[in-house]
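Chemist: next input, structure requested:
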Amino acid sequence: MIKTVTVGLLLNMLVSTPLPAFAEEGTTTTIQAGTAAQTTQKAVKIPSVESLGLNLKSAVLIEPTTGEVLLSMNADEALPPASMTKMMTEYLVAEAVKTGQLSWDQKVIVGENASKQVGSRIFLAENDEHTVEELYIAMAVGSANDATVALAELVSGSELEFVELMNQTAQKMGMKTAYFVNSTGLDKADMPKKYRSTDKKENVMSAMDAAILAKHIVTDHPDFNRFTTVQSYKFRERDTAPMINFNWMLEANKNIQNFKAYAYEGLDGLKTGHTARAKYCFAGTAVRDGMRLISVVMGADTEPHRFTETKKVLDFGFNNFEIKQVVAPKTVIAGNETVPVLKGKSKEVSVVTDEAVSFIVPKGTTSPEIKTTVEINDPATLVAPIEQSAKVGKVTYSYQVEGMSDVQQKTVNLITAEEAEKAGWFSLFLRAIGDFFGDLFTGIKNLF
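Modeler: Here you go, the predicted model:
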């Protein structure tokens with residue numbers, strides 16, 4: 001049973017009346033079908049991407065909880081990602097720790113492949129011994145290729161086997177263009193010849209795929225910034241100087257003379273990248289007023305420009321959008337306040353939604369028009385006794401920002417607001433007699 005209605009949620013009245021968007025948990029509110037109220041407050045006018053004057057090959061900006069794409073410039077083109085490739089290595093190592101396959105204090109013995117890496121590195125020698133956490137910080141902060149390969153080999157036995165896992169994971173995440181040939185992002189020609197794959201492909205990943213990968217990092221491993229916010233790290237006591245985080249935009253850099261011009265409020269990650277083919281890339285993420293955004297820029301012409309262009313992209317998001325809770329948990333859907341119950345003391349039971357729903361909206365939006373589709377379980381399955389909070393259907397909410405092609409959707413469960421107790425045998429007997437004679441009289445009446 002499916003029913004669709006258009007709901008005008010009166011967000012302009014939130015301060016003075018207890019509407020769904022800000023109802024306290026534990027209370028019940030009702031969404032009424034109707035038309036959005038007219039208000040004097042208007043949402044901000046969203047500027048065009050072209051007006052930002054981005055000097056990049058591609059860029060994208062997403063909000064990770066809704067998946068809404070707020071800005072897109074050539075975002076689906078597969079490009080060399082350089083060391084942004086390491087985000088997949090970071091994700092898989094963190095997953096291995098999360099599942100118990102590895103531990104942060106586990107010792108790692110460095111192999112030949114890791115010791116022969118070039119580019120950004122911490123000059124690991126074969127048979128060196130370091131912990132997973134030490135190597136992970138070197139990878140996240142100093143983009144160390146040798147530390148990255150050592151971790152890849154620890155997870156899968158060899159870097160090539162780890163690359164298979166990287167590509168499988170990319171497919172599962174829905175990354176459409178990503179293809180990896182190593183764990184680091186180096187061009188194949190820069191890998192030790194003995195450890196290269198036989199195919200002729202190179203690492204590629206679109207800005208959108210990089211954003212999807214970053215989304216999984218921040219949502220599946222919310223402690224990611226324990227590593228990405230480290231400003232400097234001395235890998236060995238004998239090292240003359242610590243490695244410095246390549247991410248100039250860290251908020252903590254606001255007091256560092258060389259970086260304070262680039263420091264960005266709320267920014268706590270994620271990964272830089274640079275090769276001659278890729279130019280300068282950066283997957284950044286920042287949180288303000290409870291909203292996290294993920295930006296990816298690819299193909300900047302200089303190292304400083306990847307950060308100044310990222311600032312333009314993130315400012316576009318934070319200046320023009322906000323997240324609003326448009327439906328509270330335990331909301332009653334008008335027209336679907338109850339569902340029928342078979343063999344119950346009562347013939348119906350009250351139902352409500354189980355979760356809150358939030359969408360990203362243009363700043364100043366007071367009456368987002370939400371489309372609501374209700375689907376009730378097969379009535380034949382709704383037989384008493386039914387416990388309180390039992391799932392009896394689902395509600396899908398849809399919202400589209402004017403001028404954007406993406407439709408935000410979230411589906412929540414419709415659950416019983418109370419227990420539906422089973423009726424006694426005598427009550428059921430009397431009800432059956434009543435139904436029998438009711439049907440009989442209806443049939444006779446229809447004869448005349």
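Chemist: where are the low-confidence patches of the stretch 51-200 of the chain?
Modeler: Along the stretch 51-200 of the chain, the model assigns pLDDT under 70 to no residue.
Chemist: would you map the helices across it?
Modeler: 86-98, 112-115, 132-142, 145-156, 159-173 (DSSP state H, counting those that start in this stretch).
Chemist: report all helices and strands that the longest one contacts.
Modeler: Translated: helix 159-173. helix 86-98, helix 145-156, helix 207-220 (3 or more Cβ pairs under 8 Å, 6 or more residues apart in numbering; DSSP states H and E). Quick note: C-beta positions are derived from backbone N, CA and C, even for glycine.
Chemist: looking at the helices of the stretch 51-200 of the chain, which one is packed in the most?
Modeler: helix 145-156 (a mean of 27; mean count of other Cβ atoms under 10 Å).
Chemist: what is it packed up against?
Modeler: helix 86-98, strand 107-109, helix 112-115, helix 132-142, helix 159-173.
Chemist: where do the strands sit along the stretch 151-300 of the chain?
Modeler: For the stretch 151-300 of the chain, the strands defined by DSSP state E, counting those that start in this stretch cover 232-233, 243-244, 267-275, 279-288, 291-300.
Chemist: which among those is found nearest to Leu124?
Modeler: Evaluated over the strands of the stretch 151-300 of the chain, closeness to Leu124 peaks at strand 243-244, with 13.0 Å, by Cβ to Cβ.
Chemist: partners of that closest one, with directions?
Modeler: strand 232-233 (antiparallel) (DSSP bridges).
Chemist: same question for the strand it pairs with, mean pLDDT?
Modeler: Across strand 232-233, pLDDT averages out at 96.
Chemist: cool, stretch 357-374 as well?
Modeler: pLDDT averaged over stretch 357-374 gives 88.
Chemist: okay, how far is it across that stretch, tip to tip?
Modeler: 15 Å (Cα to Cα, to the nearest Å).
Chemist: ok, and what's touching stretch 208-216?
Modeler: 60-62, 64, 67, 69, 72, 75-76, 81, 84, 87-88, 91, 170, 173-178, 205, 269-271, 281, 283, 285, 294-296, 298 (Cβ atoms under 8 Å, 6 or more residues apart in numbering).
Chemist: same question for stretch 105-120.
Modeler: Contacts of stretch 105-120 (Cβ under 8 Å, 6+ apart): 83, 124-133, 135, 142-151, 153-154, 158-159, 184, 186, 190, 192, 194-195.
Chemist: same question for it: list its buried residues.
Modeler: Buried residues in stretch 105-120, counting neighbours by 16 or more other Cβ atoms under 10 Å, are found at Val108, Val110, Gly111, Asn113, Ala114, Ser115, Lys116, Gln117, Gly119, Ser120.
Chemist: quick check, nearest of the residues you listed to His221?
Modeler: Val108 (19.6 Å).
Chemist: the buried residues of stretch 105-120: which two are farthest apart?
Modeler: Top of the distance list for the buried residues of stretch 105-120 (Cβ to Cβ): Val108 and Gly119, 19.9 Å.
Chemist: so who does the residue nearest the centre of the chain touch?
Modeler: By Cα atoms, centre = their mean, the chain has its centre lying nearest to Pro64, at 3.4 Å. Contacts for Pro64 (Cβ under 8 Å, 6+ apart) come out as Ala214, Lys215, Val218, Thr219, Arg292, Leu293, Ile294.
Chemist: pretty sure the fifth one sits against Thr285.
Modeler: Right, Arg292. Yes: with contact defined as Cβ atoms under 8 Å, Arg292 and Thr285 form a contacting pair (6.3 Å).
Chemist: overlap in contacts of the two?
Modeler: By Cβ under 8 Å, 6+ apart, the residues touching both Arg292 and Thr285 are Val218.
Chemist: which of the two has more residues huddled nearby?
Modeler: The residue with more neighbours, out of Arg292 and Thr285, is Thr285; 26 against 20, by other Cβ atoms under 10 Å.
Chemist: coming back round to it: please convert the contacts of Pro64 to CSV, extending it with distance to Val352 and pLDDT.
Modeler: Below are those laid out as CSV (distance: Cβ to Cβ, whole Å; pLDDT from 0 to 100):
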residue, distance to Val352, pLDDT
Ala214, 35, 98
Lys215, 30, 98
Val218, 31, 97
Thr219, 27, 96
Arg292, 29, 97
Leu293, 32, 98
Ile294, 33, 98
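Chemist: now these: which count as buried?
Modeler: For the contacts of Pro64, buried by 16+ other Cβ under 10 Å: Ala214, Lys215, Val218, Arg292, Leu293, Ile294.
Chemist: ok, Arg288 - contacts?
Modeler: Glu265, Gly266, Phe318.
Chemist: buried ones from those, can you make that a PyMOL selection?
Modeler: Entered in PyMOL, the line below selects the buried ones among the contacts of Arg288, by 16+ other Cβ under 10 Å:
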select buried, resi 318
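Chemist: could you export the contacts of Arg288 to a markdown table, including columns for distance to Thr381?
Modeler: Shown next, in a markdown table, are those (distance: Cβ to Cβ, whole Å):
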| residue | distance to Thr381 |
| --- | --- |
| Glu265 | 52 |
| Gly266 | 47 |
| Phe318 | 46 |
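Chemist: before we move on, the earlier item: tell me which of the helices and strands packed on helix 159-173 sits nearest to Arg238.
Modeler: Comparing the helices and strands packed on helix 159-173 under Cβ to Cβ, the one sitting nearest is helix 145-156, at 16.8 Å.
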